[in-house]
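Undergrad: with the input below, show me the fold.
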Amino acid sequence: MVITDAALLKGRSVVDACRRAVAGGAGATMVQVRMKDAPPRDTLALARALVGALSVPVIVNDRVDVALAAGAAGAHLGQDDPPLDRLRPHLPHGFVLGISVGSPAEAARVGAWPADYWSVGPCFATGNKADAGTPLGPEGFAALARLAPAGLPVIAIGGITPANVGALAKAGAAGVAVIGAVWGGEANDPAAATRALRAAFA
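TA: Residues are numbered from 1 along each chain as shown. Okay, here's the model as predicted:
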């Protein structure tokens, strides 16, 4: 899952960059629209554009209403967002809902909620989320992943690179969510970055 970040894209077209990240069937398999400080109308405009442009599911961070209005595949929720279990009955069948989990207490709180996946982290140090918390490492990730309901996919997030993603695969991650590994650096090649991550994860 590639997460959008306007600051790291530095004026580049988000739609074009995401197209490249997805390209060729060897790149990203999902895109999350994350625009923390933007007005909802701007998030909606980008989400709609990505839904129209991409061949993979698009989900929206925090905003179920924006995701529905954009025709997106779903939404990703944090611990401070409206409770997933209360939202689920009001949403269309098949609408994807993911939840962030960063501690055993958070895992206990959401364990019975009907989420489609957990996003566990931060696995490593990250500069892309100021309140991310202490890095878990592969062992900490694995410990939290074991608290998820049986069969629920658990993806890893936070400071993930081709150099460390293999350890998370071995720790049981079903996938990874990335920001800096695709949009940062000097190479400026989202297609190559996502291919490298997938190859290292495999």
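
Undergrad: is L46 within a helix or a strand, and which one?
TA: Following DSSP states H and E, one finds L46 within helix 40-53.

Undergrad: can you list the neighbours in contact with that helix?
TA: 4, 14-15, 18-19, 31, 33, 35, 58, 60, 63, 65-67, 69-72 (CB atoms under 8 Å, 6 or more residues apart in numbering). C-beta coordinates here come from the backbone N, C-alpha and C atoms, glycine included.

Undergrad: switch to 6 Å and redo it
TA: For helix 40-53, the external contacting residues (CB atoms under 6 Å, 6 or more residues apart in numbering) are 15, 18-19, 31, 33, 35, 58, 60, 66, 69-72.

Undergrad: ok, those vs V110, which is closest?
TA: Nearest to V110 among those: V60, at 18.9 Å, using CB to CB.

Undergrad: okay if I get the contacts of helix 40-53 as CSV plus distance to T161, neighbour count and pLDDT?
TA: CSV is the format used below for those (distance: CB to CB, whole Å; neighbours: other CB atoms under 10 Å; pLDDT from 0 to 100):
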residue, distance to T161, neighbour count, pLDDT
V15, 25, 15, 97
C18, 20, 27, 97
R19, 22, 18, 96
V31, 19, 27, 98
V33, 23, 29, 98
M35, 24, 22, 94
V58, 24, 26, 98
V60, 25, 29, 98
V66, 30, 23, 98
A69, 34, 16, 98
A70, 30, 23, 98
G71, 33, 11, 98
A72, 27, 25, 98
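
Undergrad: now, these that are in strands?
TA: Residues of the contacts of helix 40-53 located in strands (DSSP state E): 31, 33, 58, 60.

Undergrad: ok, back up a step: now, the most widely separated pair of the contacts of helix 40-53?
TA: R19 and A69 (22.0 Å).

Undergrad: show me which of the ones in strands among the contacts of helix 40-53 is closest to G175.
TA: Using CB to CB, the ones in strands among the contacts of helix 40-53 come closest to G175 at V31, 12.9 Å.

Undergrad: need the contact list for the closest one.
TA: So V31 contacts 2, 18, 50, 58 (CB under 6 Å, 6+ apart).

Undergrad: compile those residues into a markdown table and extend it with columns for distance to A163.
TA: Shown next, in a markdown table, are the contacts of V31 (distance: CB to CB, whole Å):
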| residue | distance to A163 |
| --- | --- |
| V2 | 18 |
| C18 | 24 |
| L50 | 28 |
| V58 | 28 |
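
Undergrad: and these, which is closest to S119?
TA: Among the contacts of V31, V2 lies closest to S119 (CB to CB), at 13.2 Å.
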